[in-house]
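Enquirer: generate coordinates for the sequence data below:
(one chain, ligands or ions: 1)
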Amino acid sequence: MATDDFTENTTKLKVCGIRSITEINELKTLDIDYFGCIFAESQRQVDSELAAKITRIAHRHGKRTVGVFVNAMIENIVKIVEETDIDIVQLHGDESVEYCMELTQKLEKLYEKNCFRKRKNFPAKTKLWKVFGVTDELPNIADYKPYIEYPLFDAKGENRGGNGIVFDWDILKKLEKHSFVLAGGLSIENIQKALDYKPAILDINSKVEVNNRKNKKLVENIVNLVKKK
Ligand SMILES: O=C(O)c1ccccc1N[C@@H]1O[C@H](COP(=O)(O)O)[C@@H](O)[C@H]1O
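Expert: Numbering: from 1, shown residues only. The predicted model follows:
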């Protein structure tokens, strides 16, 4: 699995589902490593125009952005990556190994075309995170490894994501430290326990919302725990 120089032996933090300029402006100076923009059908869905603005603000503050897709057409993902400059593509559907291979090739071509637009401080190549919806068993992800930076384990629920529920984290004990992203129902109540499983990244979303928007105080409480402030 190819991780980049940004990866260290500490747990990083992603806040997903940013859907307004107000939210990114409120959160941009906190010690958050990644902001997520959801392109899939969702109450948190954004278009590429808004995601490009969010990404510009995030990049100016040294943060990366993650685009969340569910079974999207590969051409659409490549177009959105080009339009928005997002750093990571999170595949939250039933995308196959072959799909990840094809997307990797297409993103490589896009990189060759646009490599002159190198991002300051960031590797310009777009990475893939493949999501696996789990309950109490880990799937076999071996064939995905050549194409992804990280597997992301989320609780299998009624919807594709944003279910606000956890899975049996004990299944993560078998994994190498800092080799995966953990999502699903993460909140101030369980974030300390989640850290004990040594994920590379904790991905918070619905549990830090009030009135359908990210709440700065709720996010800040989690930042303080994860970054031990
Ligand atoms: O949040 C959504 O609406 C969403 C829709 C479609 C795909 C993914 C989505 N969110 C992702 O779900 C996980 C867990 O979220 P939660 O903490 O349980 O609310 C996270 O990776 C989000 O990126």
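
Enquirer: beta partners of A155?
Expert: Note on A155: beta-bridge partners by DSSP bridges are V134.

Enquirer: that should have said F35, apologies.
Expert: Beta-bridge partners, per DSSP bridges, of F35: V15, T65.

Enquirer: let me see the contact set for it.
Expert: When contacts are counted by C-beta atoms under 8 Å, 6 or more residues apart in numbering, F35 touches 14-16, 18, 24, 27, 54, 58, 63-66. Heads up, the C-betas are built off the backbone N, CA and C, glycines and all.

Enquirer: over to I191?
Expert: Contacts for I191 (C-beta under 8 Å, 6+ apart) come out as 202, 204, 222, 225-226.

Enquirer: look at it and report its pLDDT.
Expert: Looking at I191, its pLDDT is 97.

Enquirer: could you do L110 as well?
Expert: Model confidence at L110 (pLDDT) stands at 88.

Enquirer: for Y197, same thing?
Expert: 97.

Enquirer: for the residue nearest to it when sequence neighbours are not counted, helix, strand, or coil?
Expert: Leaving out its chain neighbours, the residue that sits closest to Y197 by C-beta to C-beta, 6 or more residues apart in numbering is L172, at 4.6 Å. Assigned with DSSP: H, G, I helix; E, B strand; the rest coil, L172 falls in the helix class.

Enquirer: so how far is the ligand from S187?
Expert: 8 Å (C-beta to the nearest ligand atom, to the nearest Å).

Enquirer: got a list of what the residue nearest to the spatial centre of the chain touches?
Expert: The centroid of the chain falls nearest to V66 when counting by C-alpha atoms, centre = their mean (4.9 Å). Listed by C-beta under 8 Å, 6+ apart, the contact partners of V66 are 14, 16, 34-37, 86-90, 129.

Enquirer: same thing with N163?
Expert: Contact analysis of N163 by C-beta under 8 Å, 6+ apart lists 154-155, 157, 184-185, 206.

Enquirer: part of a helix, is it?
Expert: No: going by three-state DSSP, the assignment for N163 is coil, not a helix.

Enquirer: got the residues of the chain near the ligand?
Expert: By the rule C-beta under 6 Å from any ligand atom, the part of the chain lying against the ligand is 16-17, 36, 38, 40, 42, 44, 68, 70, 92, 154, 160-164, 183-186, 203, 205-207.

Enquirer: picking that back up, which of the contacts of I191 tops the neighbour count?
Expert: Highest neighbour count within the contacts of I191: I204, with 29 neighbours (other C-beta atoms under 10 Å).

Enquirer: quick one: residues contacting it.
Expert: I204 sits in contact with 13-16, 183, 186-187, 191, 219, 222, where contact means C-beta under 8 Å, 6+ apart.

Enquirer: show me what the helix or strand bottoming out on mean pLDDT in the chain is packed up against.
Expert: The weakest-scoring helix or strand in the chain, judged by mean pLDDT, DSSP states H and E, is helix 97-114 (a mean of 92). Taking 3 or more C-beta pairs under 8 Å, 6 or more residues apart in numbering; DSSP states H and E as contact, the helices and strands that helix 97-114 lies on are helix 74-84, strand 88-91, strand 127-134.

Enquirer: much appreciated, bye for now.
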